[in-house]
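Novice: kindly return the folded structure for what I paste below:
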Amino acid sequence: MVQFIGRQRELKIIKDRLNSNSSESLLIYGRRRVGKSELIKESLKDAGVPVIHYVCRKSSFGQNMSGLSQAAAKAFNEPFIRFEKIDQLLEYAYSKAVKQKIVLFIDEYPFLRGDDEGIDSEFQIAIDEWQHKSCLKLILCGSYVETMQKLVDSRAPLFGRFTEILKLKPFDYYDTAKFFPDKTCEEKLLIYSVFGGVPFYLMQLDDRLSPVENIQKLLIPEGSMLESEIRLQLTAELSKEENANFVLEKIANGVGRYSDISRDFSGSSGKLSHTLGKLEGMGLIEKDSPINARANRRQQRYVICDNLLDFYYSFLFRETTARSAMSPEVFFKSKIESLFNINYFPRKFELVAKEYLIRQNLSGKITPPFSDIGRYVYNNKLKRKNGEFDVVTQDENGMISYECKYRQEPIGMKVVHEEEWQAKELEINFYRFGFFSRSGFDENIDGERYHLISLVDMYR
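Specialist: Here you go, the predicted model:
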């Protein structure tokens, strides 16, 4: 039996809605493979009420209605009744729920709806009519993010009708590590840096193999299962896969500004904006603005927020020939290992440091709590210096700068003094400094004066 991992907050929210004594309408959505259906199924365990559950197919409306009709008959052990229209099914379910709690769980709702907003209107009419005289728990779930988000648009028929809306995201570094309790901290970090936090992807890893061996098995071979998953993820909502490939490869290789991405783009600016918007809506990329220049569009850059995509487009996408000509072991050694350790892995360490701080902040373990977090950019023309500080937080007292060092040796006072001197030289007033270290810290660093976090601390 597979253990259910994470999602405790979402699990409680759904269970609380299911246990209430009134009608509820839940919208639960997120990208493919993120664990939506498993979360809902876990919530329904031991519910003790009839459940009409149907997974919609990419087929005709009539075929999906036939499937829904069969699911309704099965839930109540009744003879099959063919519902031709969605309003007939909804009336049946809501009327059944007058005397008892009933769950109507429609998975992959966009396949039922298609492009017909009239289907949404039927749900809206039923909710308005029955919400005060029935106890139906309606759950609409789907992976087509753009379609699901349209359901809660202010102009949409179902706007304001959902009592709970949950958008599931991939796990962060900490919850990802729960899949691999016996791995070392470094192994956990490497797994997250490459495979990300999508539960389905993580479940493909062989726990008996090292992280590098899993990379060699699951990603490097041409046409691997996870490579196919990446393509499916893109083609599900994008009509032009080649445009997405172009954008993702550019971003993975450090070209993040719109003007720089557009320079070599073969299509129109409208097509580029459309592709960027789609990828952002799917949760695959995001706009990253410095904490000290949120409104400055010139400082804004796109980053890939899915580690598997980032790794794939950084090391594998353009290497089809080499991947087919070399063994996975030789390919990793010659094409990945050096750049991975020098550039990619330290960059992901910064990402995990940020996720750690956010986790600590949300759980009330940082005083005073910060209200913003991000990189801090500087361009001092007088001193002819420009660059950025890794991770900076903003709270009621000012800003704290966190330097991230993924090195074999512990951080000593030399690194601390360099960071303080750099800020002073640039006349940037950080009121405190923090440090993230792969290998810990020298004993002579004052842990009261500086916020010191080792890799081990991050996984406690």
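Novice: when you work out contacts or count neighbours from here on, use the C-alpha atoms and nothing else.
Specialist: OK.
Novice: looking at the protein, which residue lies furthest from center?
Specialist: Pro79 (42.4 Å; C-alpha atoms, centre = their mean).
Novice: roughly how far does the closest residue to that residue other than its chain neighbours sit from Tyr109?
Specialist: Excluding the flanking residues, the one nearest Pro79 by C-alpha to C-alpha, 6 or more residues apart in numbering is Ala73, at 6.1 Å. Taking C-alpha to C-alpha, to the nearest Å as the measure, Ala73 falls 20 Å from Tyr109.
Novice: Val391 too?
Specialist: Using C-alpha to C-alpha, we find Val391 at a distance of 40 Å from Tyr109.
Novice: equivalent analysis for Gln408, please.
Specialist: Distance from Gln408 to Tyr109, by C-alpha to C-alpha: 50 Å.
Novice: and those two? Which one has more around it.
Specialist: Legend: neighbour count by other C-alpha atoms under 10 Å for Gln408 and Tyr109, higher for Tyr109 (23 against 10).
Novice: so the residue nearest to Pro79 belongs to a strand, correct?
Specialist: No. Ala73 is assigned helix when assessed by DSSP: H, G, I helix; E, B strand; the rest coil, not a strand.
Novice: so that it lines up with my notes, have the first residue be 50 from now on.
Specialist: Sounds good: first residue 50 from here, last item Ala122.
Novice: and it, what does it touch?
Specialist: Pro128, Phe129, Ile130 (C-alpha atoms under 8 Å, 6 or more residues apart in numbering).
Novice: redo these as a markdown table? Include secondary structure.
Specialist: Below are the contacts of Ala122 laid out as a markdown table (three-state DSSP):
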| residue | secondary structure |
| --- | --- |
| Pro128 | coil |
| Phe129 | coil |
| Ile130 | coil |
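Novice: output those residues in a markdown table, with pLDDT and distance to Arg487 appended to each entry.
Specialist: Below are these laid out as a markdown table (pLDDT from 0 to 100; distance: C-alpha to C-alpha, whole Å):
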| residue | pLDDT | distance to Arg487 |
| --- | --- | --- |
| Pro128 | 88 | 63 |
| Phe129 | 84 | 62 |
| Ile130 | 87 | 62 |
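Novice: out of the residues you listed, who's nearest Leu267?
Specialist: Phe129 (44.5 Å; C-alpha to C-alpha).
Novice: just give me the neighbour total for that closest one.
Specialist: Phe129, neighbours per other C-alpha under 10 Å, totals 13.
Novice: and what of Val426?
Specialist: Counted with other C-alpha under 10 Å, Val426 comes out at 17.
Novice: likewise for Phe360?
Specialist: Phe360 has 21 nearby residues by other C-alpha under 10 Å.
Novice: now swap in Pro417 and tell me
Specialist: Using other C-alpha under 10 Å, Pro417 has 12 neighbouring residues.
Novice: confidence score at it?
Specialist: Note for Pro417: predicted pLDDT of 97.
Novice: what of the one 10 residues further on?
Specialist: For Tyr427, the pLDDT comes out at 93.
Novice: am I right that it falls within a strand?
Specialist: Yes. Counting by three-state DSSP, Tyr427 falls inside a strand.
Novice: give the bridge partners for it, please.
Specialist: Gly436 (DSSP bridges).
Novice: mind checking how far the helix or strand hosting Asp506 is from the chain centre?
Specialist: Here Asp506 sits within helix 504-507, counting by DSSP states H and E. Relative to its parent chain, helix 504-507 has a centroid offset of 22 Å by C-alpha atoms, centre = their mean, to the nearest Å.
Novice: against which helices or strands is it packed?
Specialist: helix 234-244 (3 or more C-alpha pairs under 8 Å, 6 or more residues apart in numbering; DSSP states H and E).
Novice: what does the helix it packs on rub up against?
Specialist: Outside helix 234-244, the residues that touch it by C-alpha under 8 Å, 6+ apart are 222, 225-226, 229, 250-251, 259-260, 356-357, 359-360, 394, 397-398, 504-505, 508.
Novice: which residues of the stretch 300-449 of the chain fall in helices?
Specialist: Assigned by DSSP state H, counting those that start in this stretch, the stretch 300-449 of the chain shows helices spanning 307-312, 318-330, 356-360, 369-374, 377-380, 386-388, 394-411.
Novice: circling back: quick one: the residue farthest from the centre of the chain from Lys134, how far?
Specialist: In terms of C-alpha to C-alpha, Pro128 sits 18 Å off from Lys134.
Novice: also Glu474?
Specialist: Taking C-alpha to C-alpha as the measure, Glu474 falls 71 Å from Lys134.
Novice: of the two, which one has the most company?
Specialist: Lys134 (14 against 11).
Novice: ok, the spatially closest residue to the more buried one that is not a sequence neighbour - contacts?
Specialist: Leaving aside its chain neighbours, Lys134 sits nearest to Met114 (7.2 Å; criterion: C-alpha to C-alpha, 6+ apart). Contact analysis of Met114 by C-alpha under 8 Å, 6+ apart lists Arg131, Phe132, Glu133, Lys134, Ile135.
Novice: so where's the stretch 200-349 of the chain shaky on pLDDT?
Specialist: Judged against pLDDT under 70, the stretch 200-349 of the chain has no low-scoring part.
Novice: next SSE after whatever helix or strand Glu467 lives in?
Specialist: Using DSSP H and E, the element containing Glu467 is helix 462-474. Downstream of helix 462-474, the next assigned helix or strand under DSSP H and E is strand 479-486.
Novice: for Val83, grab phi and psi.
Specialist: phi -80, psi -10 (degrees, to the nearest 10).
Novice: buried set for stretch 114-123?
Specialist: Neighbour-count burial for stretch 114-123, counted by 16 or more other C-alpha atoms under 10 Å, picks out Met114, Ser115, Gly116, Leu117, Ser118, Gln119, Ala120, Ala121, Lys123.
Novice: quick one: secondary structure of the nearest residue to the third one once chain neighbours are set aside?
Specialist: Once its chain neighbours are removed from consideration, Gly116 has its nearest residue in Tyr103; the separation is 6.9 Å (C-alpha to C-alpha, 6+ apart). The three-state label for Tyr103, taken from three-state DSSP, comes out as strand.
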